[in-house]
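Colleague: curious how this folds, go ahead:
(chains A, B and C)
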Amino acid sequence: MGFLHRHRRLTPYLLLGPGLAWLALFFVAPLGFLGHQSLETQDPIELTYTFKWAWHNYSDAITTYHTQLLRSFEYAGIATLIALLISYPLSYWIAFRGGRWKNVLLLFIVGPFFVTYLIRTLAWETILADQGFVADRLRDLHLLGADGRLLATSTAVVAGITYNFLPFMALPLYVSLEQIDQRLIEAAQDLYASRVRAFLRVTLPLSLPGIFAGTLLTFIPAAGDFINAQLLGTPNQAMIGNVIQSKFLELTDYPAAAALSFILMAIILVLIGIYARALGTERLTG
Amino acid sequence: MTNTLTRQAFLRRALAGGAALSVPGFLPSLAEGAAEEALAKTLVFSNWPLYIDINEKTKRHPSLDLFTKRTGIKVRYIEDINDNSQFFGKIQGPLSHGKSIGRDIIVMTDNSPYPALLIKKGWVEKLDKSALPNLKNLVKGLQHPAWDPKREYSLPWQSGMTGIAYNAKLTKPITSLDQLLTDKKLKGKVTLLANFGDTAGVVALANGDDPGKIDDAAFNRIVNKIKKAKSAGQIRQFTGNDYAGMLAKGDIVAALAFSGDVVQLHADNKNLQFAVPTAGGMIWTDNMLIPKGGDAHTASVYMNFYYDPKVAAMVEDYVNYICPVIGADKVLLKSDPEVAKNTLIFPTSAMRAKLHQIDPDALFNPDYKTKWQQLLGA
Amino acid sequence: MSANAEAMPMTRSQSAPAKVFAFARRHVLTLYALLAFGYLLLPISVVVLFSFNHPHGRFNYTWQGFTFDNWVHWDAVPGLRGALEASLEIAAISSVSATVLGALIALALVRYGFRGRGATNLLIFLPMSTPEIVLGASLLTLFLTMNVTTGFWTIVIAHVMFNISYVVVTVKARLVGFDRHLEEAAMDLGANEWTTFWRVTMPLIAPGILAALLLTFALSVDDFVITNFNAGTTVTFPLFVWGAARAAVFPQINVVGTAIFAVAVSAMLANVVWQNRRARRLA
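Modeller: The predicted structure follows:
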């Protein structure tokens, strides 16, 4: 302990060292290797890979898979929006009306998260089955054609993504809403603001950091997801995650897969940047 | 071709088969092999799921337990092969660097490029023929495949037919591929197999082409036919083995499927039937291979054990695919005649005449591979 | 209970329909919340229900009868037990490691000044904002290039990597609200730094550490994507479900899923109850 006392200034670096080294070794370095691999070419017959500054991997990837790329962001965007719409009133209710039971109510949101992701999604396969209860009732109500189906559609995939990432939206929203000083809302109402107006002018802006965090934490993983598309959809709903997965693990076309991974990351980072700029970064760290 | 086997029936028959094996005078050759060379203590065997006999109550594999009893070798049986490409993707890394994957036997299908590829790249060990006197029991038609003509590296585990499975309760019999792809009543309730070797073969036959010799023109005909059905919304999706769940559930009404699956699925849904398409179906074989680093001698001893008709019959009773071992049907005729007479398990020569194998060169053609992926993908 | 800002203005005499309308308006949010909870719990109830199903065949998609058999013989499916054990082992090792590494980082970030704070924050934030598929794929590339055989330990490495960020965030939140005066008081009373740390600091941030441990354990057991890329021939529970789902869906999968869920929820419930008791005691 005396050593640390004498070398006070070393302490933070010693504390940071192991963890950051781990991240550097197993997060940063792999990205470097991934980049290197994205510039190789694969000989599909001999299964060898050679480094060739193959920038064409990127252009090839975009031209071949732009449909899946766009579709991924489309699905992720819609799912995020729906998740926001579903979660906001729910988080609001727990934060403002939960009282003593807040923490218990939160368990309802977080709990489902503890059933393995795959098992949850498989449950949706049971619920939305063609010959199942839900589909039959919808057919009775003529909301679904006689030949129609719920599974193997983009609706099912988006619904699956929305459900699976709902906690990621609801929890940050809750944290943000819970911190709002209710006296501010009372003050607004004292100043003759209607309930709706008070909400729009006081509550909503103050919950913006939560909205920002929630949408990011939902959109980012959703864009890279492939499980929902695989289990609940058809190849017509394939997302970029499906392509990357297949290229890496089945076709072992590592260069193409690596290029696609970087493209995905780049687009996400750009979108985050635009989003942050639009919402105003200063208010977000609040 | 009805089949009324249930799970309980499987159990009864497996036990009956096991009893038949305890007849003395069993495989003196096994003891000889053991005396000559040291055997490993454990055999690590990777296989596809539901592909070996199993006792429903004890969850043990009777044939493997018998092997352990006879030879003292324990078997670590792992059902981790679900897809040829995916499994190959997993083992490619270590094998390409000369590392062992910790397996003595793996099983891959010959209508995928991988058995041939593994041999070509030298990533498999040679069989120890001195431990394989029962090799003579291999069915004639499988003795000289193009990719391993002298059977130096592989031995068949089971064969299977690719044909049409349909739910007799929800549709009239579907017996031709054209029916599958164009009958409007089936719209959106049909699946095809994602594997090129299976689907392209059946479609080629329906086009009047020889699936054993696919050239560019034939390939384009295949792709166009499927594209047409796809745009018409006929095909729900392309599947691996997962069509089985959809058939059982009723999400699909007809599919390109594997014969053994339909037999096994009977327990889930009694209405499922299998038909070899009128224009012809495909036959494929799953082969046992010894990956580099595996114990070739011990693996060969096991393979020899499997090629005893009595053992093969034991496994066959449960698995219900097509047995590659001569004489297994005669054993089953005594212990489980219903299985022995099931033409899905022991096809007649008339049926075999309608079954074809895929052109191995087409499997390796990278252009076809890309175009096929695009057909499946977007 | 704090003043409810949503309280209705003075009640005045209202006609019956108006009263009903007022009642509905007041509770529409509650009704919505109940519906939302129902939606959240629907698949879970299906999972739990179907763990008691008695299918005749390979698939567990249609209800075919009730049985306790699956719970009694939960490891009747070959490979399930091994996969579960692998998952639990990996989770135990990686959650402890990640919590240690992450807690140290959190301490440094909150307590000390140092150069490169911005870069450190970025490095912590990036893994959480990278899609899992990219994390998994890049790690696989590392292992392939360095000729490391993927398997049990590469999974552990991967899990520690993605968990560190979550630990930092969790523990940091706890540390930020920490009252330094308590530590100063202890030291004024003659305790050296080490004793202070163990007797004062640790107990007070223990809930944060515990939360981090639980969180990382759960994330590790549940992880599929990153594990799928780096597992080689090892099989964890989610990988087992993925593979099995092709050929058969055994009710035992539901059993294990329900069990994990029940344990996790109980742990969290216990944590909440404990927190409430502490709060009441300290108040």
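Colleague: low-confidence ranges in the chain?
Modeller: The chain I'm using is chain A. Scanning chain A for pLDDT under 70 picks out the ranges A:1-8, A:280-286.
Colleague: hm, I was asking about chain C
Modeller: In chain C the weaker segments, taking pLDDT under 70 as the threshold, are C:1-14, C:283.
Colleague: and the helices in it?
Modeller: C:16-50, C:69-72, C:80-111, C:117-128, C:132-145, C:152-176, C:180-188, C:193-196, C:202-222, C:225-230, C:237-247, C:251-282 (DSSP state H).
Colleague: cool, and the stretch 51-200 of chain B?
Modeller: Along the stretch 51-200 of chain B, the stretches classed as helices by DSSP state H, counting those that start in this stretch are B:62-71, B:84-96, B:114-120, B:177-182, B:196-206.
Colleague: of the ones you listed, which is nearest residue C:212?
Modeller: Closest approach to residue C:212 among the helices of the stretch 51-200 of chain B is made by helix B:84-96 (32.2 Å; Cβ to Cβ). All C-beta spots, glycine's among them, are computed from the backbone N, C-alpha and C.
Colleague: for residue A:204, find the nearest of the helices of chain C.
Modeller: Comparing the helices of chain C by Cβ to Cβ, helix C:16-50 comes nearest, at 15.4 Å.
Colleague: Throw the helices of chain C into a markdown table and include mean neighbour count, thanks.
Modeller: Listed next are the helices of chain C as a markdown table, based on neighbours: other Cβ atoms under 10 Å in any protein chain shown:
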| stretch | mean neighbour count |
| --- | --- |
| helix C:16-50 | 15 |
| helix C:69-72 | 16 |
| helix C:80-111 | 21 |
| helix C:117-128 | 15 |
| helix C:132-145 | 26 |
| helix C:152-176 | 22 |
| helix C:180-188 | 13 |
| helix C:193-196 | 14 |
| helix C:202-222 | 19 |
| helix C:225-230 | 24 |
| helix C:237-247 | 23 |
| helix C:251-282 | 16 |
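Colleague: in a markdown table, list the helices of the stretch 51-200 of chain B along with mean neighbour count, mean pLDDT and distance to chain C.
Modeller: Formatted as a markdown table, the helices of the stretch 51-200 of chain B follow (neighbours: other Cβ atoms under 10 Å in any protein chain shown; pLDDT from 0 to 100; distance: least, Cβ to the nearest Cβ, whole Å):
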| stretch | mean neighbour count | mean pLDDT | distance to chain C |
| --- | --- | --- | --- |
| helix B:62-71 | 18 | 94 | 11 |
| helix B:84-96 | 21 | 86 | 5 |
| helix B:114-120 | 21 | 93 | 15 |
| helix B:177-182 | 21 | 92 | 22 |
| helix B:196-206 | 25 | 93 | 15 |
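Colleague: Throw those into TSV and include distance to chain A, thanks.
Modeller: Formatted as TSV, the helices of the stretch 51-200 of chain B follow (distance: least, Cβ to the nearest Cβ, whole Å):
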stretch	distance to chain A
helix B:62-71	29
helix B:84-96	4
helix B:114-120	8
helix B:177-182	16
helix B:196-206	12
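Colleague: got the domain ranges for chain B?
Modeller: What automatic domain parsing lists as the domains of chain B is B:7-159+B:286-336, B:160-283+B:354-377.
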